[in-house]
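Engineer: show me the folded form of this:
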Amino acid sequence: MTIGLLQVRISIPEAHSLKEKRQVLRSLKDRIKNTMNVSVAETGRQDAWQFSELAFVTVAGTSEVVDKRLAAVANTLQANPRLVVLDLSTQHL
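Structural biologist: The predicted model follows:
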């Protein structure tokens, strides 16, 4: 069994309030949770309007499956025009 963790720091330039930020994050988190087999949580910068830190976790029998899932999440984040990925790191636990 392999546990994979993807931690990401993002900027949401179009957000001018916490409400706008939460709308973008809710949409993003719901779409990723519903299409990929990962769990997600906002882990930092919760009170900053234009910044957030997110953690994505997945569990699988092999590290190859974990790597594919986390790569798909990273690609989805980087392709999203509503946010800018500032930092991204992955690790196996």
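Engineer: so who does the one residue sitting closest to the centre of the chain touch?
Structural biologist: The geometric centre of the chain, computed from its C-alpha atoms, lies nearest to L54 (Cα atoms, centre = their mean), at 4.9 Å. Listed by Cβ atoms under 8 Å, 6 or more residues apart in numbering, the contact partners of L54 are Q7, V8, I10, L25, K29, V40, A41, E42, T43. Where C-beta positions appear, they are placed from N, C-alpha and C, glycine not excepted.
Engineer: count the neighbours of the third one for me.
Structural biologist: Put plainly, it is I10. Neighbours of I10 under the rule other Cβ atoms under 10 Å: 23.
Engineer: same check on the first one?
Structural biologist: Look at Q7: counted by other Cβ under 10 Å, it has 16 neighbours.
Engineer: phi, psi for it please.
Structural biologist: Here is the backbone geometry of Q7 (degrees, to the nearest 10): phi -110, psi 140.
Engineer: what of the one 5 residues further on?
Structural biologist: Backbone dihedrals for I12, given as degrees, to the nearest 10, come out at phi -120, psi 90.
Engineer: and if you look at L83?
Structural biologist: phi -140, psi 160.
Engineer: look up how far M1 lies from it.
Structural biologist: 31 Å (Cβ to Cβ, to the nearest Å).
Engineer: look at these two and report which has more neighbours.
Structural biologist: More neighbours surround L83 than the other of L83 and M1, with 22 against 8 (other Cβ under 10 Å).
Engineer: is that one in contact with L28, as I believe?
Structural biologist: Yes - between L83 and L28 a contact is recorded at 7.4 Å, counting by Cβ atoms under 8 Å.
Engineer: the nearest residue to A15 once chain neighbours are set aside: neighbouring residues, count only.
Structural biologist: In space, and not counting its chain neighbours, A15 is closest to K21: 4.0 Å by Cβ to Cβ, 6 or more residues apart in numbering. Neighbours of K21 under the rule other Cβ under 10 Å: 23.
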